[in-house]
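K.L.:
Based on what follows, work out the 3D shape:
(one chain, ligands or ions: 1)
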Amino acid sequence: MNILLTAILTVLGWLAMWYRSRRRMLKLIEKIPGPWALPLLGNVIELNVDHDELFQRLMGMQLFWGRNEGINKAWLGTTPYVFLSKASTVEPILGSSRHLAKSKDYRFLQPWLGTGLLTSSGKKWHSRRKILTPTFHFKILQDFVDIFSEQTEILVEKMSKEAGKGSFNIFPYITHCALDIICETAMGRRVYAQDDSESVYVKAVYEMGGIVQTRQATLWYHPDWLFRLTSFYKKHQNNLKILHKFSMKVISERRQVIEDRLAEIEYDKEQCVNKKLAFLDLLIEASRGGTLLSDEDIREEVDTFMFEGHDTTSSAMSWTLFLLGCHSEIQEKVVAELEEIFGEGNSERRPSMQDLHAMKYLERCIKEALRLYPSVPLLARQVSVDTKIGKYVVPRGTTAIIAVPMLHRDSKVFPNPECFDPDRFLPENMIGRHPYAYLPFSAGPRNCIGQKYAILEEKAVLSGVLRKYKIEAACRREDIIVSGELVTRAKHGLVVKITARKKI
Ligand code: HEM
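P.N.:
All right, here's what the predicted structure looks like:
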C-alpha cells in the first residue's frame, strides 16, 4: 500500500512540475510574434505541404511576423519553433557555447550517420572535432587539388554534348562531379558517378537524402513505430544496408593496407587511388591500435563527409554558375581574371593551389551566390537554457531555427538584397559588418569544418567550366521556385545553355 501511495505521489509530483514548467514555457513563447495555433496540432495544417511550398510558407511567416524584430514562432504539434533572421537575434544562439546541441530534427539522419560530427553533441562531439580538425589542414587540402581537377576534366568532357545545343539542367552534372570528388577525397575510392549515375551506391546516397527530407517534413513519419508502417521504411532500410556495407568494406580494405604498410602499393588499380591520402586514411592513422576510433566510429565520420560534403557543394556550384549565366558582364570579369592567371593559350594547365588562391573575384561571386542561395537554408539548435533574444526570453527546450536566406536578405546589411553584386565582399565593403550577418557555413564552435575545402573545390570546378564554356541562363531568376530541402534546390532545376569559348 505504501509503495502504491509513494508511486502515485511521485507521478503526481512529476506531473505538477511538468505542468508548471510547461505553463511557464507557454507564457514566454506566447509573447513572441507568430500565427495563431491549434491546440495539440499547432500550425501543422498550414505547414503540412510539399518541400518547396513549406519553405515558401516559412519564409512568408518570417516576412509577416518576424521582419521587424528578426524573431517569430510557429508550432509543430506541441513543439515550439522560434525562427531567427537578424544578426542580433542569431548571435545569442550561435555565439554561445551553451547551445551546441543540434535540435531533435537531426535524429532522422542518425540511422545513416550515427552520431558523427554533424549529429553528435557533448563530449563525443568535442573529442571528434578535435581529432578531425587536423584532417582539414592546408597541406592535406593541397593533395586534393589534383583530384578536383581530374574530376572537373571529366565534367567538362561530359558537358561537351550540350555545347551549342538547347538548354539543360546543370544540377545533375555538377552533383555527380561533386559526388565523385567527395568519394575520392573522403574514402580514396572512385564510384564513377559521372560515368554511371545508376550505380547502386550513388542511387542509395540520393534516395537516402530524399527519405530523410520527407521524414523531417511529415509529422506522422516522426515516431519510429509509425514510420516502420510506411512504404518508405523498406526503401530506407535497403539503402542503409547498401551505404553501410560499402563504407565498412572500404574501411576494412584501407585499414588492411595501412596496417601492412603497403600504402604505396597499388593493390587495385581499377578501384583505388593509393598515392594520395584520403580523409579515411588519416582517421585510420589517428586510430592505430584501435583505442581512439573503432571501425564503426570511422564509418560514422566517413558517411558524414559523404552526406555533408557533396550536396552542399553541388548546390553552391550550380547556383553560382546559374547566377553567372544571368549576369554576362560579371561572368566576363571572372573570365578576365582566369585569363590573367592562366595566360591566353595555355588551355590545358591544371590550377595549382596558388592559382586557386589568386581567384579573388571568383571567390566573391561564390560568396555572393551563397548569400542569395545558401546551401544549408535552415540551421536548428536545441535551446538549452532560457535565452534573452531582443526583448523576448526564449525558454529552454525550444527549437531555434536560423533562417539563413532571410538573414542574408536584411536590407540594412545588404542594401538592395536581391541584386547579385559580388563586390559586397570587397574587403572595404565588409568593414563594420556584423559577424553574424552572413552565415553560409554557420558560425561559432559548430561551424562547417569543411569550408576551406568547399571553397577550393568550388574554385577548381567553376574555373574549369568557365575556361571552356560561356554560360547563359535559360530561364529568369524570378521564375525559379526555390525548394528549401536539406540543401537549397530549384524545384524545376537550373536550366542553362552553354557554348564553347576560346580556350583559356
Ligand atoms: C559550399 C559547401 C558547404 C556549405 C555551404 C556547408 C555548410 C555547413 C553548415 C551551415 C554547417 C552547420 C550545420 C548545422 O549547424 O546544422 C556545416 C557543418 C558541417 N560541415 Fe559543411 N558545408 C559545406 C561543405 C562541406 C564539406 C565539403 C564538408 C566535408 C568534406 C563539410 C563537412 C561538415 C561537417 C562535418 C559539419 C559538422 C560540423 C560540426 O558540427 O562540428 N561541409 N556545413
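K.L.:
what's the offset of the strand or helix carrying residue 234 from the middle of its chain?
P.N.:
In this structure, residue 234 sits in helix 231-259 according to DSSP states H and E. Mean C-alpha position of helix 231-259 versus that of the full chain (CA atoms, centre = their mean, to the nearest Å) differs by 22 Å.
K.L.:
residues of that helix that come out buried?
P.N.:
Applying a neighbour-count criterion of 16 or more other CB atoms under 10 Å, the buried positions in helix 231-259 are 232-233, 236, 239, 242-244, 246-247, 250-251, 253-255, 257-258. Using the backbone N, CA and C atoms, a C-beta is placed for each residue, glycine as well.
K.L.:
What residues of stretch 59-73 count as buried?
P.N.:
Within stretch 59-73, the residues that qualify as buried are 59, 61-62, 65-66, 69-73, counting by 16+ other CB under 10 Å.
K.L.:
what sits up against that stretch?
P.N.:
For stretch 59-73, contacts defined as CB atoms under 8 Å, 6 or more residues apart in numbering pick out 29, 32-35, 74, 80-90, 389-392, 403, 405-407, 410, 484.
K.L.:
and with 7 Å instead?
P.N.:
The contact list for stretch 59-73, computed with CB atoms under 7 Å, 6 or more residues apart in numbering, reads 29, 32-35, 74, 80-86, 88-89, 389-390, 392, 403, 405-406.
K.L.:
and the residue of the stretch 401-504 of the chain nearest the ligand?
P.N.:
Nearest to the ligand, among the residues of the stretch 401-504 of the chain, is residue 450, at 2.4 Å (CB to the nearest ligand atom).
K.L.:
and that residue, how many residues sit next to it?
P.N.:
23 (other CB atoms under 10 Å).
K.L.:
Could you find the closest non-adjacent residue to it?
P.N.:
Beyond its immediate neighbours in the sequence, the residue positioned closest to residue 450 (CB to CB, 6 or more residues apart in numbering) is residue 309, lying 5.7 Å away.
K.L.:
The ligand contacts on the stretch 301-450 of the chain?
P.N.:
The stretch 301-450 of the chain comes close to the ligand at residues 304-305, 308-309, 312-313, 316, 375-376, 379, 440-442, 446, 448-450, as judged by CB under 6 Å from any ligand atom.
K.L.:
So which of these belong to helices?
P.N.:
In helices, defined here by DSSP state H, the members of these are 304-305, 308, 312-313, 316.
K.L.:
helix or strand for the closest residue in space to residue 114 that isn't next to it in sequence, which one?
P.N.:
Of all residues beyond its chain neighbours, the one nearest residue 114 is residue 300 (3.7 Å), with distances taken as CB to CB, 6+ apart. Following DSSP H and E, the helix or strand that holds residue 300 is helix 295-308.
K.L.:
So what angle separates the directions of that helix and helix 231-259?
P.N.:
In this structure, helix 295-308 runs at an angle of 120 degrees to helix 231-259, with axes from the mean of the first three to the mean of the last three CA atoms, to 10 degrees as the basis.
K.L.:
Give me the neighbour count for the residue nearest to residue 450.
P.N.:
By the measure other CB under 10 Å, the count of residues near residue 309 is 24.
K.L.:
my read: it touches residue 182, true?
P.N.:
Yes: at 4.4 Å, residue 309 counts as touching residue 182 under the criterion of CB atoms under 7 Å.
K.L.:
who touches the helix or strand harbouring residue 354?
P.N.:
In this assignment (DSSP H and E), residue 354 forms part of helix 353-358. Under the criterion CB under 7 Å, 6+ apart, residues 142, 145, 341, 456, 459-460 lie in contact with helix 353-358.
K.L.:
buried ones in that helix?
P.N.:
For helix 353-358, the buried set under the neighbour-count rule, 16+ other CB under 10 Å, comprises 353, 355-356, 358.
K.L.:
go on, stretch 450-458?
P.N.:
When neighbours are counted by 16+ other CB under 10 Å, the buried residues of stretch 450-458 are found to be 450, 453-458.
K.L.:
With stretch 124-139 instead?
P.N.:
For stretch 124-139, the buried set under the neighbour-count rule, 16+ other CB under 10 Å, comprises 125, 128, 131-132, 135-136.
K.L.:
Over to stretch 485-496?
P.N.:
Neighbour-count burial for stretch 485-496, counted by 16+ other CB under 10 Å, picks out 485-490, 493-496.
K.L.:
Let's have those in TSV, adding pLDDT and secondary structure.
P.N.:
Putting these into TSV (pLDDT from 0 to 100; DSSP: H, G, I helix; E, B strand; the rest coil) gives the following:
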residue	pLDDT	secondary structure
485	78	coil
486	83	coil
487	90	coil
488	92	strand
489	90	strand
490	93	strand
493	94	coil
494	97	coil
495	97	strand
496	98	strand
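K.L.:
who in the stretch 1-150 of the chain is up against the ligand?
P.N.:
That would be 117-118, 129, which are the residues of the stretch 1-150 of the chain within reach of the ligand (CB under 6 Å from any ligand atom).
K.L.:
one more time with 5 Å, if that's ok
P.N.:
When proximity is defined as CB under 5 Å from any ligand atom, the stretch 1-150 of the chain approaches the ligand at 117-118.
K.L.:
where does the stretch 1-150 of the chain have low pLDDT?
P.N.:
When the per-residue scores of the stretch 1-150 of the chain are filtered using pLDDT under 70, the ranges that remain are 1.
K.L.:
which stretches of it form strands?
P.N.:
Across the stretch 1-150 of the chain, reading from the start of the chain, the strands by DSSP state E, counting those that start in this stretch fall at 71-76, 79-84.
K.L.:
I'd like to know which of those strands is closest to residue 396.
P.N.:
Residue 396 sits nearest to strand 79-84 of all the strands of the stretch 1-150 of the chain, at 11.3 Å, using CB to CB.
K.L.:
Provide the strand pairings for that closest one, with the direction of each partner.
P.N.:
Counting by DSSP bridges, the strands paired with strand 79-84 are strand 71-76 (antiparallel), strand 399-403 (parallel).
K.L.:
Can you tell me which of the ones you listed is nearest to residue 330?
P.N.:
Taking CB to CB, strand 399-403 is the member of the strands paired with strand 79-84 nearest to residue 330, at 26.7 Å.
K.L.:
from the chain's centre, how far out does that closest one sit?
P.N.:
For strand 399-403 - counting by CA atoms, centre = their mean - the centre lies 15 Å from the chain centre.
K.L.:
repeat for stretch 200-217
P.N.:
In terms of CA atoms, centre = their mean, the gap separating the centre of stretch 200-217 from the centre of its chain is 14 Å.
K.L.:
Which residue is the nearest non-sequential neighbour of residue 422?
P.N.:
Computed as CB to CB, 6+ apart, the closest residue to residue 422 that is not its neighbour in sequence is residue 364, at 3.8 Å.
K.L.:
what residues are up against that neighbour?
P.N.:
By CB under 7 Å, 6+ apart, the contact list for residue 364 reads 422-423, 425.
K.L.:
any idea which element it lies in?
P.N.:
helix 360-372.
K.L.:
Enumerate the positions of that helix that are buried.
P.N.:
361-372.
K.L.:
Pull that helix out as PDB, backbone CA atoms only.
P.N.:
Included here for helix 360-372 are C-alpha records, laid out as PDB according to Å, rounded to 0.1, in the frame of the first residue of the first chain:
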ATOM      1  CA  LYS A 360      39.700  36.600 -55.800                       C
ATOM      2  CA  TYR A 361      36.900  37.800 -58.000                       C
ATOM      3  CA  LEU A 362      35.500  34.300 -58.500                       C
ATOM      4  CA  GLU A 363      35.600  33.900 -54.700                       C
ATOM      5  CA  ARG A 364      33.500  37.000 -54.300                       C
ATOM      6  CA  CYS A 365      31.000  35.500 -56.800                       C
ATOM      7  CA  ILE A 366      30.900  32.300 -54.900                       C
ATOM      8  CA  LYS A 367      30.300  34.200 -51.600                       C
ATOM      9  CA  GLU A 368      27.500  36.300 -53.200                       C
ATOM     10  CA  ALA A 369      25.800  33.200 -54.600                       C
ATOM     11  CA  LEU A 370      26.000  31.600 -51.100                       C
ATOM     12  CA  ARG A 371      24.400  34.800 -49.700                       C
ATOM     13  CA  LEU A 372      21.400  34.600 -52.100                       C
END
